[in-house]
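In: okay, sequence plus prediction incoming.
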Amino acid sequence: MRMNRIYKFTILFLVVISIFLTPCRDVLCEDRNATPPVHATILFLNDIHGNLTPFETTQNGTSIEVGGIAHIAALIKAIRAENIKTNTKTFVLIAGDILQGTPLSTVFKGEPDVKILNIIGVDAFTIGNHEFDFGTDNFLLLKKNSDFPFISSNIIWKDTGELVCQPFTTLPLNKDLSITIIGATTQELLTTTDPSNVTNIDVLDSVTTVKHAFDEQAVKTKGPVILLSHSNFRTDAKIAENVQGLCAIIGGHDQILFNPYRIVGRVPIFQAFEKGKYLGRIDLSIDSAAGDTTITNWGYIPITSKLPSDQNTENILKKYTAQLDVKFREVIGESKTFLDGERERIRYEETNLGDWVTDIMREFTSAEIALINAGSIRSSINEGPITIEEIFRMMPYPNEIVVMELTGKEILDALTRSVRGSREDEDGGFLHVSGMNFIINSKSVENILVCNEPLVMDRMYKVAITDFLTAGGDGYSIFKDKPYLSTRLPLRELVIDTVRKKQTIDAHTENRILRK
């Protein structure tokens, strides 16, 4: 009786998810017709950022539960089972950044993430910029413990010039056909993690390396070639222009839902948003004689609490969550307002969360100015009780507060770097400030005031920043190699201590950053 109910639910479940697949029957990777066809399904995720358990988000003013790797695992298992009936191969691809963003990922440094992806049966994983956030040794340990290939065509060891991992992998369809997956990683890897984590690696131009890998593989194998890229749309578009024989690009790093997919030349580009909120799907029909490929269907399946969970995955999660210190669930205070760390705003405009964090830094150090890059803040804090876990989720990096002296001219240069991006760029180098006000006019800054006095170019100012910025993170070479005083205090710990002491947080924006 119980098995019959499970069977009926599984059939209903597969019917429901098929509704979310948008038919697209004329996207051709090559010109020739395919007869008889070989069928394959590509399932993909990007920018999971440690979000292994479901979490709440607001949709149309209503709070809903989304994500959860156990739901994703069950969904993939169901699609595989259905595809076996039609002799359709199923492949799972991850487009980078499985790490960093939740206490579970931060405390265990990606160990549970890789274990679960092993269970799911990932076929290829391209390296993201945050895979090095715990250093090269931890990265190599994760790579060693994975049952799936880490790929990237453009990350090399500085001392030897050799690739850190294989540039591509081939996934066999039958004895004659295969799908080739080429990996590519953003060059921002060198600036968006602590530079001390990546002193021994370099990142090459991916347009060149992908073209080289494509030319090498296209003559050796028969079947479609897919780029699995953790770059951004601009880079992926350049690659599409230069490597027009690609069947598709599955991207990441932008953390955008490409629905509909974007197309450059004849190459469709997909991206499945972030944090496991969607599972992307592409269905392929491959000509068994010529290897030419048609995308017959594509779409994104929302991951919600209505989907079943995979028990093996749940067991692993329970094991690790049980090990998390009870302190993560401790309520340490309350926020009277929504503390806004949403990516599309905090990386382009002043928010109350950016103001609050920099005020904490300035007050603690008695500096005249405090600066923090928006990329250090990874999520919002909801109105209501605040737990330590929420602070870790908002600020996953263990950046220490440091104090240095800068001239007014150096501060101007830093602010000019801060405002160079557009809203669409979602630039993690956008600076939030305390102790100063200014106006953004296009890509320059005007009317800079420090403590209500005009910025003086040749005067020295005491400035609080993080050790990430002192190392040149996010491209701030202006801070690099300058003397500073380290507080030896992680900013995250100071934020926790501040909430504990004040108990009630009521933060608002103060028109520190205005745009013409």
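Out: Yep, it's here. Numbers count the residues shown, from 1 in each chain.

In: run through who's touching stretch 381-392.
Out: 56, 102-103, 106, 327-339, 341, 353, 394, 492, 495-496, 499, 505 (C-beta atoms under 8 Å, 6 or more residues apart in numbering). Glycine gets a C-beta too; all of them are placed from N, C-alpha and C.

In: so which bits of that stretch are buried?
Out: Residues of stretch 381-392 classed as buried by neighbour count (16 or more other C-beta atoms under 10 Å): 381, 386, 387, 388, 389, 390, 391, 392.

In: one step back: buried ones among the contacts of stretch 381-392?
Out: 102-103, 106, 328, 332-333, 335, 338-339, 341, 353, 394, 492, 495-496, 499, 505.

In: among these, which ones are in helices?
Out: Of the buried ones among the contacts of stretch 381-392, the ones assigned to helices by DSSP state H are 103, 106, 353, 394, 492, 495, 496, 499.

In: ok, the fifth one touching residue 401?
Out: No - counting by C-beta atoms under 8 Å, residue 401 is not a contact partner of residue 492; they are 10.1 Å apart.

In: tell me where the model's unsure across the stretch 1-150 of the chain.
Out: Along the stretch 1-150 of the chain, the model assigns pLDDT under 70 to residues 1-35.

In: give me that answer again for 50
Out: 1-12, 15-16, 18-20, 22-26, 31-34 (pLDDT under 50).

In: and the helices in it?
Out: 2-19, 69-85, 103-108, 111-120, 136-145 (DSSP state H, counting those that start in this stretch).

In: same deal with the stretch 251-400 of the chain?
Out: Assigned by DSSP H, counting those that start in this stretch, the stretch 251-400 of the chain shows helices spanning 311-323, 343-346, 352-365, 388-394.

In: in CSV, list the ones you listed along with distance to residue 60 and mean pLDDT.
Out: Output for the helices of the stretch 251-400 of the chain, formatted as CSV (distance: least, C-beta to C-beta, whole Å; pLDDT from 0 to 100):
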stretch, distance to residue 60, mean pLDDT
helix 311-323, 29, 95
helix 343-346, 17, 95
helix 352-365, 23, 97
helix 388-394, 23, 93
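
In: among these, which is nearest residue 467?
Out: helix 352-365 (12.3 Å; C-beta to C-beta).

In: and the closest one, what other elements does it pack with?
Out: strand 369-373, strand 400-407, strand 431-434, strand 460-466, strand 485-490, helix 491-502 (3 or more C-beta pairs under 8 Å, 6 or more residues apart in numbering; DSSP states H and E).

In: residue 310 contacts residue 74, doesn't it?
Out: Yes - applying C-beta under 8 Å, one finds residue 310 in contact with residue 74, separated by 4.2 Å.

In: I'd like the helices of the stretch 251-400 of the chain as a markdown table, with distance to residue 471 appended.
Out: Output for those, formatted as a markdown table (distance: least, C-beta to C-beta, whole Å):
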| stretch | distance to residue 471 |
| --- | --- |
| helix 311-323 | 30 |
| helix 343-346 | 21 |
| helix 352-365 | 17 |
| helix 388-394 | 22 |
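
In: which of those helices sits closest to residue 374?
Out: It's helix 343-346; of the helices of the stretch 251-400 of the chain, that one is closest to residue 374 (C-beta to C-beta) at 4.8 Å.

In: buried set for that closest one?
Out: Buried positions in helix 343-346, judged by neighbour count with 16+ other C-beta under 10 Å: 343, 345, 346.

In: redo these as TSV? Include distance to residue 183.
Out: TSV is the format used below for those (distance: C-beta to C-beta, whole Å):
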residue	distance to residue 183
343	24
345	31
346	29
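
In: about what we covered before: what's the least confident stretch among the helices and strands packed on helix 352-365?
Out: Among those, strand 485-490 carries the lowest mean pLDDT, a mean of 88.

In: alpha carbons of it, as PDB, please.
Out: Below are the C-alpha coordinates for strand 485-490, written out as PDB (Å, rounded to 0.1, in the frame of the first residue of the first chain):
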ATOM      1  CA  LEU A 485      47.600  48.200  12.600                       C
ATOM      2  CA  SER A 486      45.700  44.900  12.900                       C
ATOM      3  CA  THR A 487      43.100  44.600  15.600                       C
ATOM      4  CA  ARG A 488      43.300  40.800  15.300                       C
ATOM      5  CA  LEU A 489      39.600  40.800  15.600                       C
ATOM      6  CA  PRO A 490      37.300  39.300  13.000                       C
END
